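Student: I would like to see how this sequence folds:
(2 chains)
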Amino acid sequence: MTRYLPPFILLVLALLPLGLRDPYILNALITGGIFAIGAISLNLLLGFTGQLSLGHIAFFGIGAYASALTALGFDVGLPFGVRIVHEGAHPFFGFLAAIIVSGICGYVVGRLSFRVRGAYFVIVTICFAEVVRLVALNWIELTQGPLALTSIPFMKLGLPGVGELTLRTKIQNYYLMLGVAALAYLVVARLVHSRFGRAMRGLKENEQLAVSVGVNATKTLTVAATISAALAGAAGSLYAHYFRIIDPDVFLFTYTVTMVIMVVSGGKGTLAGPVIGGVIFGTLPVALRPYMAPEAQWIVYGAVLILILFLMPRGIAPFLDDLFKGRLKRAKTPSSVVAKPQLEGQS
Amino acid sequence: MGVAPEEARTVKALYADPRLDVLNHPHPSPLPTRGGEFPTRSIPSLKAALVDQFLQHLVNAMVLGGAYALLGIGLTLIFGIMNVVNFTHGALYTFGAYAMYIASVSLGLNFFLALPVAIVAGLALGALIEILLLRPLRGADIDTTMLVMIGAGIILQSSTLWTFGGVAKAIPNPFPDAPIAFLGVSISWIRLFVLVAAAALIVGAYAMINGTRLGRAMRATFQDADTAALMGVNVKVIYTATFALGSSLAAAAGALLGPVYVVFPQMGDLAAVKAFAIVILGGLGSIAGATIGGFVLALAEEFGAGYISSGYRDAMGFLIIIAVLLAKPTGLFARAERVG
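Tutor: So this is what the prediction gives:
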């Protein structure tokens, strides 16, 4: 049954736009879907290796900029009189460039930041995202800074000799998003079920033990970070060519939080988690739109995040799994794991 | 100061992009041009100008550093004692600034009365957050706590945005507008007040932690919560007190810097990240480290902005953190902490 679930859900998602005519909802689905791809990539790091990276949006944004700049072309001066001039290229090369550049950045950041763990790692990743945002804001020659990169071309897909399709409409972009999401899901699924995936989970469960049986911690984590960053870059590329305008705000911490919420609410460390979380938190703004102001929506976002963590600390997917398999014991609330301070009340 | 503070505030309120403009704003120009009037000294030699600028940057950094240190001490206290990375810290900073605004503008309280009101409001909110969210989560893993704190931070920030709107607000202060000029350095009265008040609060926090019974219980919990509990310390109360104290310091920083700059709902975002920077610099859990870290970050920003590039001013702090973590991951003044 579980084997056929992912294709079934993919089918449902593929048929969804046929019954939808409201462009706003379709837009929300595409945006939500693009962030869900980001969430799938984040899950590789957060869920399977247990490293809470709060700078994930940096790779998404780097992908968006790399893709847009490859497609638009740029002319930028570097120190020592070096000048790089690049003519605009086919947007599909932008997509590839996004994956490669983000992947390289992921590798470098991974190599550097996996020297620390826990709260330190979290803060390094946040700092990295902030630095990248400030670079995007200040390197005006390359990124136009706050003026934003505009008129980014639509994504084009095509085969030589067959013809080319420019993805202009929302429906086309929806299917592009869905295709990339399915690919990202497959990549993560294959990876997790490989020997490498077992190494990752070993590190998450008990790093010292995993290292003692021969897992190379830094290498494993760095590879996970590289793949994760490359997938996030792909999502960023979709974002750039769908909205056709990007500014340094794409690096805002809020977007990282959105992805983290998707992963954690859906169930970190499960394949279905980010998809479930992505569907819920991608569509929640649309569902809430008639009833409340955007600020109030964010309040609901925050409240839902807290509630999910309190009620289903492992996320929705494991919860549902338990529910279907009838294994649902009393959900383990955080308070039950608390070691009560001894000898209380004596003070 | 370049422009009269009052005028500067209005201009900023109109044009500032709140997201870009957090905590530090145009650092005062070393050459006062107020009313088209040049400084009394005749055209200074380049060397003299550099020295003046140097002193000016130093003074600015001290003012900023005081507020940074308050932010950092609050955060490091909470991390050190509770092992909680407090993502509501920025929101509490914003909350302090808005509490100051409500107390002094909406309620019309005296400026010097509004400040303690804002600090106590931060204390109360901190205690509330601890009791509602952190107490039930004690023993949960650090990621869960962090995410719950992120959720709480989002709720707080959005509530501020919802209640007050996105337009930046100014808090008037009772000090004269004209800056004090001394040795070619100019500092406005309000900034001087911020420096003095921040120093007083830092000393107060030290005295509380090192001199009182509550402070001793906090330090005991910091060293070993279980043993402290065995010795009769009510650890629950200590946790609440710690979080409330840390929150009130963040609120104090907001209430002090609010009148210097402008108040807007996103002001806490960059402040929070800087607080992390400070705490990393000083070593997580080290109060002395956070104090020094606050001043080091302010100096780096001020001199980086003055002599290298003002656009990357906010990046200085982050680059420092990255460098510190790569070179000495426990921070500059840390107690022994795990390192990978």
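Student: and the next element down the chain from the longest helix along chain B?
Tutor: Across chain B, the longest stretch assigned as helix under DSSP state H is helix B:46-82. Later in the chain than helix B:46-82, the nearest helix or strand by DSSP states H and E is helix B:89-101.
Student: do that following helix and chain A come into contact?
Tutor: No - if you take C-beta under 8 Å from any C-beta of the partner chain as the test, helix B:89-101 misses chain A, and the best it gets is 9.7 Å. For the C-beta atoms, the positions are set from N, CA and C on the backbone; glycine is no exception.
Student: what's the neighbour count on the closest residue to A:T218 other than its chain neighbours?
Tutor: Spatial nearest neighbour of A:T218, chain neighbours left out: A:F114 (5.3 Å); criterion: C-beta to C-beta, 6 or more residues apart in numbering or on different chains. Neighbour count for A:F114, taken as other C-beta atoms under 10 Å in any protein chain shown: 21.
Student: mind listing what A:F114 touches?
Tutor: Residues in contact with A:F114 (C-beta atoms under 8 Å, 6 or more residues apart in numbering or on different chains) are A:Q51, A:F121, A:A217, A:T218, A:L221, A:T222, A:A225, B:G340.
Student: and the least confident of the residues you listed?
Tutor: Ranked by pLDDT, those bottom out at B:G340 (30).
Student: what's the end-to-end length of stretch A:263-280?
Tutor: End-to-end distance for stretch A:263-280, by C-alpha to C-alpha, to the nearest Å: 11 Å.
Student: where does pLDDT dip in the chain?
Tutor: I'll assume chain A. A:1-3, A:81, A:159-163, A:326-347 (pLDDT under 70).
Student: sorry, should have said chain B
Tutor: Scanning chain B for pLDDT under 70 picks out B:1-50, B:329-340.
Student: that older thread, max pairwise distance over the contacts of A:F114: which two?
Tutor: Spanning the widest gap among these are A:A225 and B:G340, at 13.8 Å by C-beta to C-beta.
Student: looking at the two, which is more packed in?
Tutor: Shown here are A:A225 and B:G340; by other C-beta under 10 Å, A:A225 has more neighbours (28 against 15).
Student: contacts only, for the more buried one.
Tutor: Taking C-beta under 8 Å, 6+ apart as the test, what A:A225 contacts is A:L45, A:Q51, A:S53, A:G106, A:Y107, A:V109, A:G110, A:F114.
Student: go on, A:V260?
Tutor: Neighbour list for A:V260: A:L42, A:L46, A:L52, A:L54, A:H56, B:L147, B:I150 [criterion: C-beta under 8 Å, 6+ apart].
Student: what about the residue sitting nearest the centre point of chain A, distance to chain B?
Tutor: When C-alpha atoms, centre = their mean is applied to chain A, the residue found nearest the centroid is A:G38 (1.6 Å). From A:G38 across to chain B, the span is 16 Å (C-beta to the nearest C-beta, to the nearest Å).
Student: what is the one helix or strand that residue maps to packed up against?
Tutor: Secondary structure from DSSP H and E places A:G38 in helix A:23-43. If contacts are counted by 3 or more C-beta pairs under 8 Å, 6 or more residues apart in numbering or on different chains; DSSP states H and E, helix A:23-43 sits against helix A:56-72, helix A:170-192, helix A:217-243, helix A:253-266, helix A:273-288.
Student: what angle do it and helix A:170-192 make?
Tutor: Using axes from the mean of the first three to the mean of the last three C-alpha atoms, to 10 degrees, the inter-axis angle of helix A:23-43 relative to helix A:170-192 is 20 degrees.
Student: show me which residues of helix A:23-43 are buried.
Tutor: A:25-43 (16 or more other C-beta atoms under 10 Å in any protein chain shown).
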